[in-house]
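>>> Dropping the sequence and predicted coords here.
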Amino acid sequence: MALSVILGVWSVVQVRRGRTEVFGQPRPRIPGLKVAALTFGAVLCGWLTEDVMSLITGLRSPWYGEPVNYVGIGLLGFIFASIGAGILGRRMNLSRDPYRYFLRSAIWFGALIAVMSLGGPRLVVYPALGLIACSIAVSLRSPLYQVAMVTAGAYPTARLIFPEVYEFIARLIASIPAESGIMNILLLAVLSLYVWLLIMPFALCLTGIVRSPRTSWPVSVSFSNNAVVAGCALILVVTAGYNAVQTTYSEFRPCHVEIVQEFDSNADTVRTVVKSTEYLTGATIRYQERDTVVTGHETIVHLPPRRMSRSTWMTVEGSVPSAIGDTGASIGTFVNVHMAERPYILNVTYTPKHASIVSADAGPLAVGLKDGVARLRWYSFPDTLIAFPVALRLSRADTVTEIVEATFVGQATPVSVASPVPGNVDSRTIVRSRRTIAVGRDIRPPQESE
């Protein structure tokens with residue numbers, strides 16, 4: 001790290017000694033901000049290539065099968081956008097003083113080194129190598145060698161952008177529900193900002209090389225050369241076509257389809273929702289002996305609610321709550337939950353209407369207390385009979401809503417999904433029972449629920 005800082009200071013001093021001032025002409029303003037805006041636009045274009053491929057293939061996550069292939073097309077999109085940024089930069093009156101860019105690049109590298117030093121010495125190596133490469137590039141004569149050296153210095157930083165677990169991260173991103181539109185926008189913004197922060201010093205250094213009055217570029221590598229632009233565009237189109245014909249989903253890498261059915265004992269109705277990590281375009285949903293074909297790019301389909309009589313999914317029996325002590329703000333009750341089969345998860349929640357729960361006790365069971373709400377939770381297929389006492393102390397006298405929610409593996413009413421995209425279909429049935437209790441009396445008698 002010390003070597004990189006010394007070389008960085010030395011290179012900035014050398015560039016400052018060799019700078020030339022042009023008098024009689026207005027000095028370009030905010031060159032760093034202009035380069036930052038152009039670089040962020042290029043980074044954004046690189047990420048948006050995946051959205052363009054989504055429009056071409058008709059898939060929500062076309063990179064799911066081979067995420068590494070989309071690293072290449074994203075890089076090509078970034079390079080193509082960088083060429084456009086270089087052409088646009090000439091019209092933005094960027095400064096031709098390389099010192100202004102190299103100084104900002106060195107400062108940016110120093111900030112990255114300072115921040116990454118908090119994560120340990122191994123993390124500091126990446127910006128330190130970049131600073132060393134850019135410092136060496138400044139001392140070279142040929143602009144081609146300078147660009148090659150800066151590119152070599154950017155390679156370790158690229159490992160931070162695309163680490164060894166990149167495929168896992170990409171497939172994890174594909175599992176984000178599509179209804180989280182704001183989350184997807186925030187994710188794109190965060191990823192673009194992350195990449196922009198890491199490559200910005202390299203962009204400043206390259207801008208200083210390109211805009212230096214001492215740099216003489218061959219015509220074959222000029223940013224304004226039509227052959228270079230056409231060649232990059234051709235490579236981008238060929239790569240996009242290759243990725244478009246690749247198989248995204250298979251039996252080894254299927255998409256995930258989930259059928260969620262919710263039964264509320266108060267309404268005696270079953271509501272069914274079909275969710276998928278991929279578009280359900282062309283999928284056939286069979287429900288109530290009818291087939292429905294999904295035609296749009298939908299990832300969530302709400303089926304019509306169906307009335308259903310109470311059965312033996314779950315029965316909740318609660319004793320009449322009684323007051324505890326003389327404060328008038330404590331209650332105690334005993335709850336029995338009978339289920340026909342072992343649930344996947346069982347949740348019991350106590351929520352006051354206006355007050356907050358100060359303390360909760362369920363005998364040998366652990367009770368979670370957060371934001372004035374008490375929760376009990378069982379995981380991994382607990383027993384079919386759950387019985388427990390519970391004592392609650394409120395901040396003041398109030399009514400409390402008791403909600404017993406059990407999640408079962410299975411369906412309350414038959415639903416099937418046949419999708420043209422290979423996928424795994426999981427079914428969940430969520431059964432809820434609720435009652436409202438107050439200090440010393442039961443507002444609503446115990447209910448059976450399904």
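Good, I have the coordinates. Numbering: from 1, shown residues only.

>>> make it CA atoms for all contacts and neighbour counts henceforth
Noted.

>>> Would you map the strands across the stretch 101-250 of the chain?
Assigned by DSSP state E, counting those that start in this stretch, the strands in the stretch 101-250 of the chain number zero.

>>> thought Thr351 was touching Val400?
Yes - when contacts are counted by CA atoms under 8 Å, Thr351 is listed as touching Val400 (5.4 Å).

>>> So for these two, which residue has more residues nearby?
Neighbours around Thr351 and Val400, counted as other CA atoms under 10 Å, are more numerous at Val400. The numbers are 25 against 19.

>>> list the contacts for that one?
350-353, 436-438 (CA atoms under 8 Å, 6 or more residues apart in numbering).

>>> and what of Ile56?
Contacts of Ile56 by CA under 8 Å, 6+ apart are Ala244.

>>> quick one, phi psi at it?
Backbone torsions for Ile56, taken as degrees, to the nearest 10, come to phi -70, psi -50.

>>> Distance-wise, check it relative to Thr49.
11 Å (CA to CA, to the nearest Å).

>>> so how far is the helix of greatest length in the chain from its chain's centroid?
Counting by DSSP state H, the longest helix found in the chain is helix 181-211. On the basis of CA atoms, centre = their mean, to the nearest Å, helix 181-211 is displaced by 17 Å from the centre of the chain it belongs to.

>>> what is the rounded mean pLDDT of that helix?
Averaged across helix 181-211, the pLDDT comes to 86.

>>> swap in stretch 83-94?
Mean predicted confidence for stretch 83-94 is 81.

>>> how about that stretch: buried residues?
83-86, 89, 94 (16 or more other CA atoms under 10 Å).

>>> Then stretch 45-55?
If you call a residue buried by 16+ other CA under 10 Å, then stretch 45-55 has these buried ones: 45-51, 53-54.

>>> Redo these as CSV? Include distance to Ser175 and pLDDT.
Formatted as CSV, the buried residues of stretch 45-55 follow (distance: CA to CA, whole Å; pLDDT from 0 to 100):
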residue, distance to Ser175, pLDDT
Cys45, 23, 90
Gly46, 21, 89
Trp47, 18, 89
Leu48, 18, 89
Thr49, 19, 89
Glu50, 15, 87
Asp51, 16, 87
Met53, 18, 90
Ser54, 15, 89
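
>>> nearest to Ile136, of the residues you listed?
The closest of these to Ile136 turns out to be Gly46 (CA to CA; 28.0 Å).

>>> Could you check how far the closest one is from Leu188?
For Gly46, the distance to Leu188 - CA to CA - is 11 Å.

>>> Repeat that for Ala133.
Taken as CA to CA, the span from Ala133 to Leu188 is 29 Å.

>>> These two: which is more packed in?
Neighbour count, other CA under 10 Å: between Ala133 and Leu188, Ala133 has more, with 23 against 15.

>>> who's in contact with stretch 273-290?
Identification of contacts with stretch 273-290 by CA under 8 Å, 6+ apart yields 59-61, 174-178, 255-261, 291-303, 414-420.

>>> no no, stretch 107-127
Applying CA under 8 Å, 6+ apart, the external contacts of stretch 107-127 come out as 1, 5, 128, 130-131, 156-157, 198, 200-201.

>>> 6 Å instead?
Outside stretch 107-127, the residues that touch it by CA atoms under 6 Å, 6 or more residues apart in numbering are 156-157, 201.

>>> Just put the residues you listed in a markdown table and tack on distance to Pro121 and neighbour count.
Shown next, in a markdown table, are the contacts of stretch 107-127 (distance: CA to CA, whole Å; neighbours: other CA atoms under 10 Å):
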| residue | distance to Pro121 | neighbour count |
| --- | --- | --- |
| Pro156 | 15 | 16 |
| Thr157 | 15 | 20 |
| Pro201 | 20 | 28 |
